[in-house]
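J.: Sequence and predicted structure, then a few things I'm wondering about:
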Amino acid sequence: MKQPIGIFDSGIGGTSIWKEVVHLLPYESTLFLADSANAPYGEKTKEEILSLSIKNTEYLLKKGAKLIVVACNTATTNAIATLRETYAVPFIGIEPAIKPAALKTQTGVVGVLATKGTLSSGLFHNTTKMHASGIRVIEQVGTGLVDLIEEGKLESKEMRDLLGTYIYPMIAKGMDCLVLGCTHYPYLIPILKDMIPSDITILDSGLAVAKQTKTVLEKNNLLAPKTALVDHCLYSNKDAVLLKQFVPLKRAKVAYLDF
């Protein structure tokens, strides 16, 4: 099917997922929504997150999305069950990479840097209980990190100082795996690698989400033909100039959209 893959996030962080999807599925068109005007979702109530997720979903469906990737950990944990019950298209969600971290750790200590909305969710705690039995999981709310990224302050001293307050205590407790539980956070990886010991493994969910997207498209006979014309449209309801900085494809359309 030539219809696009729909993707939404609370802001520009979801482009980390979008990049993996585009790389793995080069014949698929995409439609991406960055709801930056309402970022971050992590500090909002479950009801607010659900309302915003429904709004984003209905816009993507209106534009013909054949599958929707909820490229936001907080929206996944708080809204995806309702979205799946309400709409007929397949939904792909994001979960922190607790399982691979639990399998990889040698010290038995795993750090999870995520939003309040993700860490307080039932889905996160069920996943942790299922896959990290016997593992010490250090949960750290990354308050302010999304805000700085959305303000274009990724490389700022303010960002490094804030990251340090979150990361260094986890290192002191013996963490050897760091799970990034927010789709904004992969953009922090270069900074993190400069701050933490090289033997600490950083894990995110981007590639796994892209692979699951491909699997679901195949299962539902939704793959685009290899002869299809590919179109990538990415929209922000706050700052399209900033969004463009996170989109490497020159042929992608990036614009402001009031949604």
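T.: Cool, got the structure.

J.: what about the strands in this protein?
T.: Using DSSP state E, the strands of the chain run over residues 5-9, 30-34, 67-70, 91-92, 109-114, 136-141, 177-181, 201-203, 232-236, 253-256.

J.: Would you mind stating the distance between P186 and G122?
T.: From P186 across to G122, the span is 25 Å (C-beta to C-beta, to the nearest Å). Where you see a C-beta, it was placed from the backbone N, CA and C, and this is true even at glycine.

J.: So those two - more neighbours on which side?
T.: P186 (20 against 10; other C-beta atoms under 10 Å).

J.: In JSON lines, list the strands of the chain along with mean neighbour count and mean pLDDT.
T.: Output for the strands of the chain, formatted as JSON lines (neighbours: other C-beta atoms under 10 Å; pLDDT from 0 to 100):
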{"stretch": "strand 5-9", "mean neighbour count": "27", "mean pLDDT": "98"}
{"stretch": "strand 30-34", "mean neighbour count": "27", "mean pLDDT": "98"}
{"stretch": "strand 67-70", "mean neighbour count": "27", "mean pLDDT": "98"}
{"stretch": "strand 91-92", "mean neighbour count": "22", "mean pLDDT": "98"}
{"stretch": "strand 109-114", "mean neighbour count": "25", "mean pLDDT": "97"}
{"stretch": "strand 136-141", "mean neighbour count": "18", "mean pLDDT": "97"}
{"stretch": "strand 177-181", "mean neighbour count": "27", "mean pLDDT": "97"}
{"stretch": "strand 201-203", "mean neighbour count": "18", "mean pLDDT": "98"}
{"stretch": "strand 232-236", "mean neighbour count": "21", "mean pLDDT": "98"}
{"stretch": "strand 253-256", "mean neighbour count": "14", "mean pLDDT": "97"}
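
J.: got TSV for those, with distance to L222 too?
T.: Below are the strands of the chain laid out as TSV (distance: least, C-beta to C-beta, whole Å):
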stretch	distance to L222
strand 5-9	9
strand 30-34	13
strand 67-70	6
strand 91-92	12
strand 109-114	30
strand 136-141	36
strand 177-181	28
strand 201-203	28
strand 232-236	17
strand 253-256	22
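
J.: I'd like to know which of the ones you listed lies nearest to K46.
T.: strand 67-70 (14.5 Å; C-beta to C-beta).

J.: Can you tell me what sits against the closest one?
T.: For strand 67-70, the surrounding residues in contact (C-beta atoms under 8 Å, 6 or more residues apart in numbering) are 5-8, 14, 17, 21, 53, 57, 60-61, 76, 79-80, 83, 87, 89-94, 209, 213, 216-217, 220, 222.

J.: and if we set it to 6 Å?
T.: With contact meaning C-beta atoms under 6 Å, 6 or more residues apart in numbering, strand 67-70 is reached by I5, G6, I7, L60, T76, I80, V89, P90, F91, I92, G93.

J.: Ignoring the adjacent residues along the chain, who's closest to the last one?
T.: The shortest distance from G93 to any residue that is not its chain neighbour, by C-beta to C-beta, 6 or more residues apart in numbering, is 3.7 Å, and that residue is T76.

J.: For that neighbour, grab the count of nearby residues.
T.: For T76, the count of nearby residues is 29 (other C-beta under 10 Å).

J.: dump the residue contacts of it.
T.: Contacts of T76 by C-beta under 6 Å, 6+ apart are V70, G93, I94.
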